[in-house]
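In: Just need the structure, nothing else, for what follows:
(chains A and B)
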Amino acid sequence: MKVRYFPGCTLKNKAQDLDLFARKSALALGIEMEEIPMWQCCGGVFVSANDEVATKLSSIRALSDAEEHHSPLVTVCSACHNVIKQTNHQFNTDSAFRQKAVNYLASDTVYQGGAEIYHYLEMLRDLVGFDEIKKKVVKPLTGRKIAVYYGCLLLRPNSVMKMDDPENPQIFESLIRALGAESVYYPMRNECCGGYIALESKELAEKKSRSVYESAKSAGADTIVTACPLCRYNLLKNNSPLPVVYFTELLAEALGAKEDSNE
Amino acid sequence: MQRIGVFVCWCGSNIAGTVDVHAVAEALKTEPGVVFSTDYQYMCSQAGQNIIKDAIRDYRLTGVVVCSCSPRMHEVTFRKTASQAGLNPYMVEIANIREQCSWVHKDVPTGTEKAIILGRAAVAKVNLNAPLTPGESLVIKRALVIGGGIAGIQTALDIADAGFPVDIVEKQPTIGGKMAQLDKTFPTLDCAACILTPKMVDAAQNENIRILSYSEVEKVGGFVGNFEVTIRKKARYVKEDICTGCGACVEKCPMKKVPNEFNLGMDNRRAVYIPFAQAVPKVATIDPNYCNMLKNGKCGLCARVCTAGAIDYTQKDELITEKYGAIVVATGYNPISLDKFDEFAYNQSKDVISSLEFERLTNAAGPTAGKLVRPSDGKHPHTIVFVQCVGSRCDACAEKGKEYCSKICCMYTAKHAMLTRDKYPDTEVYVFYIDVRTPGKNFDEFYRRAVEEYGVHYVKGMVGKVSPEGDTLKVQASDLISGKQLHIDADLVVLAAAIEPDASARPLATMLTASMDTNDFFTEAHPKLRPVESPTAGVFLSGACQGPKDIPETVSQAGAAASKVIGLLVKDKLTTNPCVAQSNELMCNGCSSCELVCPYGAITYIDKEFRMPDRSIQIRRVAQVNPAVCQGCGACTVACPSGAMDLNGFKSEQIIAEVDAICR
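Out: You can find the predicted model right below:
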């Protein structure tokens, strides 16, 4: 299976592990991740202002590329995924925006709005299947107690993201169980880490992050797993007592595809 | 050639405001067949009707066109007027120039032009009308009530008191419905069981009432006055007429781990069970999903201990077919599933419960004998948070919850809060609300008592998240009045779940051809003026199947539905609608298309002898319509490929004449 891959800026510097192990795991699962040539930053956050077009053009380029190649568009970073998916939704539901975007791009191939967007987790669930992954696990993570951390961007807004029930998601837990580890339930798993508020109020970001890792810790977890570079940054910056790792790292480890980290 | 009179109504300013009624009357004067045309302020008034009657006499009219409101409003009125003047009532046509014209257009020229066109179409139709004579059908003097909650019980009692036999079909092993599960009732706080169970007993003892418990409606045929209903009486593996309800079988049944649905799964029952002490009929039922004897033939203890010999493992479902003159739907409601509302951690903590579960927890006959304790550890809760509107009044585009207000939650939450504070004064009680809605007799006084006398903390705002952490439930909420975020460590969280129609309602509506709204509540014939009748003749509505309502409202609607049923059953005969389908046998090719589309089963095929031009006899298969069953929907006329099927009063040539007149 071939997919078009949009890594995003953070995965090229701060979050190289997220990228590296995503690629290694994909290889082990027989998925060819073709990086979209000359991709650009997604903008980092979806701007809900109606007249904002320019920052969304990079998403539309990526979507158009996937449509052209008749392949699913796969992202790993929660933020990139959120921006691209919301942009696609706006492109398909807001005709004024669509027209402006098409005019701006002035490209030979006009995006028709038909790209299929998968977060890496969705790719594992919907295109590979957790049962299939379970079969390919060579080093099950038996005994590990994992607190999965969704954060907010993966699941919300649910009407657009449609990944899982935003209040009682299961996709991450199912993956962890497929890898042989125990998934520990804790109530803050789908709360915000503080996000970009760290730039404005360190105290508030700390408060948000603390409530997450404390909740995970009191539930008995030994590791927090996330898909979002910003979540990982905030939790670690604010002194998480638990290690915070990317889910792709655990996946690669279980699939026997893990080598030394680049970080 | 017809002699047609046209009567244009002003309807005060309702029509005359946007339609030049004089111009309409004038324009229609020149239509073919029209010999008289006039307008009047209120055509439906006595004086207006007299204008019509006089014109019929003076101008020897053979047809009448009234340009007025919807035929749903006054067609019957004007047909009566015509027949009083000696004209066949089916020679009257209504041109709807109000709902479909003056009310939807804003300027006079457009309104007038359209009114003339609509009038022209009606004239064209009347030119082809023929007198029709309604038939008669008998009324079966027996009623069916579907659902045995308080709504169904009250309706059945009222019908039975008037002397008509009634059957109650209830899918559970006992009647009583939701009310039997409640503890106290607002606003008087009398115990639900104390006022309900005497009615259940009355129903059981009334010789006009037959209770078919553990039964479901399977098929409905026929029409008003003459329904034929098939009821599936599910096998309960206990002979109902022999069982004394002693409970010996229940005591001895070794299968003790069956979730007890009457207590919403908060405790267990046996595989053979009587739902609660005052059940009616007080008869045991064996649950085939759990009974060892039925599953693998190993046990048989209950049969051994039953001194009456009532246990019968070989019992099969039984189909009962019965005829009824009227059907009352009383299928009630259920709280919605809270699976999609996990921000309140309903799936994560045993101490987050629904309001109905709270009722059982405080009920003396409930799983804790009425002692309010946390389901998780049996400890007394010191802080309780009630959350209102869980799943009610949701955004239309939200993917969960209902758009409507569930109506009963404000009052029962006030009741829960007040009773908790009364019995356990050491318990702090918070109620989070969007609005407190307490219209109703003594309702607002009740709510205010909860706040002012019982010190319940009412907080305007919603709970955002409930996080189970150790023993406590951390509640995060907003107080919209102080503009602050609140964090409360609660021991128990109670969710006022929205209510929705019972799942059996939709398939039942299909069987009854009764209409429903998008929320699956049954639609009434008129939201204000005919609130207990379904638009389907002979089908009546009682209780929460029509919309959320509390017990007093349900009981009054139940009585109203009963009075409508009685009004129908006292009649010996009903006039049938003569606008029914008719098959031209000479044109019918026997294809069965009409039979397949007929929703009422009014069409059958017969083999009929025809004499051919060469004097030979040929037997052909042709359609035949039963005019007593046909409802005149017209589906068959459209389905018929050879044009043999036609609808009296709406013949194809009449419809085409109307279209031609509009397009002229």
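In: Next one: the closest residue to residue A:56 other than its chain neighbours from chain B, what distance?
Out: Leaving aside its sequence neighbours, residue A:56 sits nearest to residue A:87 (C-beta to C-beta, 6 or more residues apart in numbering or on different chains; 4.6 Å). For every residue, glycine as well, the C-beta is placed using N, CA and C. As judged by C-beta to the nearest C-beta, to the nearest Å, residue A:87 and chain B stand 20 Å apart.
In: Wait, a strand at residue A:87?
Out: No - per DSSP: H, G, I helix; E, B strand; the rest coil, residue A:87 lies outside any strand segment and is helix.
In: can you count the residues close to it?
Out: The number of residues packed near residue A:87 is 27, by other C-beta atoms under 10 Å in any protein chain shown.
In: element containing residue 193?
Out: As the question left the chain open, I've gone with chain A. Residue A:193 is part of no helix or strand when elements are defined by DSSP states H and E.
In: Chain B, not that one
Out: helix B:192-205.
In: Whichever helix or strand comes after that helix packs against which elements?
Out: Remark: after helix B:192-205, the chain's next helix or strand is strand B:209-213, criterion DSSP H and E. Here strand B:209-213 touches helix B:150-161, strand B:166-170, helix B:192-205, going by 3 or more C-beta pairs under 8 Å, 6 or more residues apart in numbering or on different chains; DSSP states H and E.
In: before we move on, the earlier item: any idea of the pLDDT on the residue nearest to residue A:56?
Out: With respect to pLDDT, residue A:87 has a value of 97.
In: And it, how far from residue A:118?
Out: Computed with C-beta to C-beta, to the nearest Å, the distance linking residue A:87 and residue A:118 is 15 Å.
In: got a list of what residue 222 touches?
Out: No chain in the question, so chain A it is. Taking C-beta atoms under 8 Å, 6 or more residues apart in numbering or on different chains, we find residue A:222 in contact with A:144-146, A:242-243.
In: think we crossed wires, I meant chain B
Out: Residue B:222 makes contact with B:228, B:323, B:629, according to C-beta under 8 Å, 6+ apart.
In: Which pLDDT does the model give the closest residue to the last one other than its chain neighbours?
Out: The spatially closest residue to residue B:629, leaving aside those adjacent along the chain, is residue B:602, at 3.9 Å (C-beta to C-beta, 6+ apart). Residue-level confidence at residue B:602 comes out at 88, pLDDT.
In: swap in residue B:567?
Out: pLDDT, residue B:567: 97.
In: who does the host helix or strand of it touch, helix- and strand-wise?
Out: Using DSSP H and E, the element containing residue B:567 is helix B:551-569. Applying 3+ C-beta pairs under 8 Å, 6+ apart, we find helix B:551-569 packed against helix B:150-161, strand B:326-329, strand B:539-541.
In: CA-only coordinates of it in PDB, if you can.
Out: Extracted as PDB, the C-alpha positions of helix B:551-569 are listed here (Å, rounded to 0.1, in the frame of the first residue of the first chain):
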ATOM      1  CA  ILE B 551     -47.900  12.500  35.200                       C
ATOM      2  CA  PRO B 552     -50.700  15.100  35.600                       C
ATOM      3  CA  GLU B 553     -50.500  16.000  31.900                       C
ATOM      4  CA  THR B 554     -50.300  12.300  30.900                       C
ATOM      5  CA  VAL B 555     -53.400  11.400  32.900                       C
ATOM      6  CA  SER B 556     -55.400  14.300  31.500                       C
ATOM      7  CA  GLN B 557     -54.400  13.400  27.900                       C
ATOM      8  CA  ALA B 558     -55.200   9.700  28.700                       C
ATOM      9  CA  GLY B 559     -58.700  10.700  29.700                       C
ATOM     10  CA  ALA B 560     -59.100  12.900  26.700                       C
ATOM     11  CA  ALA B 561     -58.000  10.100  24.400                       C
ATOM     12  CA  ALA B 562     -60.500   7.800  26.100                       C
ATOM     13  CA  SER B 563     -63.300  10.200  25.600                       C
ATOM     14  CA  LYS B 564     -62.500  10.400  21.900                       C
ATOM     15  CA  VAL B 565     -62.500   6.600  21.700                       C
ATOM     16  CA  ILE B 566     -65.900   6.500  23.500                       C
ATOM     17  CA  GLY B 567     -67.200   9.000  21.100                       C
ATOM     18  CA  LEU B 568     -66.300   6.700  18.300                       C
ATOM     19  CA  LEU B 569     -67.400   3.400  19.800                       C
END
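In: so for the helix or strand following it, what's the average pLDDT?
Out: Next helix or strand after helix B:551-569 toward the C-terminus (DSSP H and E): strand B:573-575. The average pLDDT within strand B:573-575 is 91.
In: What lies in contact with strand B:573-575?
Out: B:134-139, B:224-225.
In: Sort out for me which of those residues are in helices.
Out: Counting by DSSP state H, the contacts of strand B:573-575 place none of their members in helices.
In: For the residue nearest the centre of chain B, which residues are in contact?
Out: Nearest residue to the geometric centre of chain B (C-alpha atoms, centre = their mean): residue B:522, 3.2 Å. Residues in contact with residue B:522, defined by C-beta under 8 Å, 6+ apart, are B:329, B:501, B:505, B:509, B:514-516, B:534, B:541, B:545-546.
In: what subset of those is also close to chain A?
Out: When C-beta under 8 Å from any C-beta of the partner chain is applied, no member of the contacts of residue B:522 is adjacent to chain A.
In: Out of these, grab the one that's most surrounded.
Out: Within these, residue B:545 tops the neighbour count with 32 neighbours, counted by other C-beta under 10 Å.
In: Walking through chain A, point out its strands one by one.
Out: Applying DSSP state E to chain A gives strands spanning A:2-6, A:32-35, A:73-75, A:117-119, A:145-149, A:182-183, A:223-226, A:244-246.
In: what does the stretch 201-350 of chain B give?
Out: B:209-213, B:215-223, B:226-233, B:258-259, B:268-269, B:272-273, B:285-286, B:318-324, B:326-329, B:333-335 (DSSP state E, counting those that start in this stretch).
In: which helices and strands sit right next to the fourth one?
Out: Contacting strand B:258-259 under the criterion 3+ C-beta pairs under 8 Å, 6+ apart are the following elements: strand B:268-269.
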